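Any chance you can model this:
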Amino acid sequence: MRVSMIGQAAFGEAALRRLQAEGVEIVGISAPAPRDPARPDPLWKAAEEAGIALLDTASLKSPEGLSRWAALAGDLCVMAFVTEILPDGVFGLPPKGTVQYHPSLLPLHRGSSAINWAIINGDAETGLTMFWPDRGIDTGPILLQKRCPIGPDDTVGSLYFEKLFPMGIDAVAESVALVAAGKEPHDAQDHAMATYEPPCADHHGEIRWYEPANQVYARIRGCNPQPGAWTTFGGAKLRIFDSRLTGDHAPGMPGRVLAVDGDGVTVRLNGGVLRVLRVQPEGGKKTSAGEWAAAAGLQEGFRFR
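Below you'll find the predicted structure:
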């Protein structure tokens, strides 16, 4: 079976190498064309090194690009981490259709920030879906799903790279094998159960210190590493990344700084205590919370609002 791929970044590269290792014939790759020749997209670079036909993903939006893609004559297309909004015509070109990876248990968390919102909303588990894309946003029939728990300290980074990334590469290979064997499901989603959230943007990361401790901690974890949960200090944004929530209790208002030391900053929450370990001041780089506090003059008793 001849397979074409649309994707990018480390996930796209890993999916390509896994399919190659399993003997799948890859007839073409669509990835973002390098803007800087010295820093090509990992999937683009891997395809170039393997001598596989390449197209810029943005070109698939034009009749010329679509014709070139069709000429590769893939039997199945695999979409592995695609951020471009592509025309419907792309999906139906291969005789066996197109399958796409999505990092949630569809129909839950449709949209581009599925991992962020699963954590922010306090979900106990998430997973991934390989589905058949159609005109809607993540609305197509399901080929397969895999589940995984969301740990109490998981961030977007840890959940993706430690769980959903490796599970996703397995799911891509499994999906191709199912299609090759003619055993691929096309199970309709239950649209009545669907949820959709917008892209997780900067304003979603604002920390509301009055919220329950678990909600504050979930927002910080669900915005780590992007877009970064934030509060203000000295009239400027301070982004909070690595942190830990404890069940300790302390007197005072939520947001009050309980302690400052070389390793971090301890802040009272509504129902717990937050240990802040890594921050990023506005206009600066990520740094140890303790180092930032010493340089910024943060003292015990200050209250974040």
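
Let me see the contact set for the closest residue to Gly283 other than its chain neighbours.
Using C-beta to C-beta, 6 or more residues apart in numbering and skipping residues adjacent in sequence, the residue nearest Gly283 is Ala236, 7.6 Å away. The C-beta positions use only the backbone N, C-alpha and C, and glycine is treated the same way. The neighbourhood of Ala236, defined by C-beta atoms under 8 Å, 6 or more residues apart in numbering, consists of Pro281, Glu282, Gly283.

If we only consider the residues you listed, which is nearest to Leu108?
Of all the contacts of Ala236, Leu108 sits closest to Glu282, with 34.2 Å by C-beta to C-beta.

got the contact list for that closest one?
Glu282 touches Ala236, Lys237, Leu238, counting by C-beta under 8 Å, 6+ apart.

just the residues you listed now: which is nearest Ser59?
Lys237 (37.7 Å).

quick one, phi psi at that closest one?
Main-chain torsions, Lys237, degrees, to the nearest 10: phi -70, psi 140.

Please apply the same query to Met193.
Torsion angles, degrees, to the nearest 10, at Met193: phi -100, psi 0.

Excluding residues flanking it in the chain, which one is nearest it?
Nearest residue to Met193 in three dimensions, chain neighbours excluded: Pro107, at 5.3 Å (C-beta to C-beta, 6+ apart).

shouldn't the one you found be in contact with Asp190?
Yes. Counting by C-beta atoms under 8 Å, Pro107 touches Asp190, with 6.1 Å between them.

When these two are compared, which one has more neighbours?
Between Pro107 and Asp190, Pro107 has the larger neighbour count (other C-beta atoms under 10 Å), namely 20 against 10.

Is it correct that that one falls within a strand?
No. Judged by DSSP: H, G, I helix; E, B strand; the rest coil, Pro107 forms no part of a strand; its state is coil.

Below-threshold pLDDT in the stretch 51-200 of the chain: ranges please.
For the stretch 51-200 of the chain, no stretch has pLDDT under 70.
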